[in-house]
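Q: Fold the following for me, if possible:
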Amino acid sequence: MAWIDPPLVPVRGHERSAGGAGADLPWDKRWVTGPLPLRAHNLLCLLGFRGRGYDERFIRAMTAVHARLAADPTTRIEVRTRPDRLCEACPNLASTGCALGEPDHELHMRTQDEEVARRLGLTDGGVYAWSDVLERIARGVRSKDLPSICTTCPWLSLGWCAEGVDRVGHASHPPEGR
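A: Residues are numbered from 1 along each chain as shown. Next comes the predicted model:
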């Protein structure tokens, strides 16, 4: 897969230029060809992203992916039920996968991935436009579903992903009379 530098996406305190700090991070680049690999549960996480994360490296990765999807809803996503580009930047990634909280946490992550994929009618390795993913989220997930999907997520209690899921649902299904 080939990479090129994307245009700078100004995020306070995270600006970078070619050869600058963070230039060696592959997730901070734009794919020239091929879809963006994302874990199924991260499709929901992206809806609640607010510029915070596990560390600065992870925040830069999430910001880059979030900005790319917001700028181009035709971006192709390769759905995964294993670590993805965002996970590569996460300090909790171990050789066995996600190690957030406990060594076998990857099993929880895969369960979440499989549940999100099932609800959205997505397949592991399947490629979808981001706009299609958003439509599927609007039809297949409600904010009230997140506690049963995201059982071990430390960010769940903040309610940001729930707000993001609700925004997607309202945008696709506006209330009557509006």
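Q: list the contacts for P83?
A: R39, L93, G97, C98 (Cβ atoms under 8 Å, 6 or more residues apart in numbering). For the C-beta atoms, the positions are set from N, CA and C on the backbone; glycine is no exception.
Q: Could you verify that it is part of a strand?
A: No. Counting by DSSP: H, G, I helix; E, B strand; the rest coil, P83 is not part of a strand but coil.
Q: still on that earlier bit, which of the contacts of P83 sit farthest apart?
A: R39 and L93 (11.4 Å; Cβ to Cβ).
Q: Overlap of the contact sets of the two?
A: What both R39 and L93 touch, as defined by Cβ under 8 Å, 6+ apart, is the set P83, C87.
Q: ok, now which ones touch L156?
A: When the contact criterion is Cβ under 8 Å, 6+ apart, the partners of L156 are L146, P147, C150.
Q: any idea which of those is least confident?
A: When these are compared by pLDDT, C150 scores lowest at 84.
Q: more neighbours, R39 and L93?
A: The residue with more neighbours, out of R39 and L93, is R39; 25 against 18, by other Cβ atoms under 10 Å.
Q: Who are the contact partners of the spatially closest residue to that one that is not a sequence neighbour?
A: If the residues on either side of it in the chain are set aside, R39 comes closest to D84, at 4.6 Å by Cβ to Cβ, 6 or more residues apart in numbering. Listed by Cβ under 8 Å, 6+ apart, the contact partners of D84 are P37, L38, R39, N42.
Q: try 6 Å
A: Residues in contact with D84 (Cβ atoms under 6 Å, 6 or more residues apart in numbering) are P37, L38, R39.
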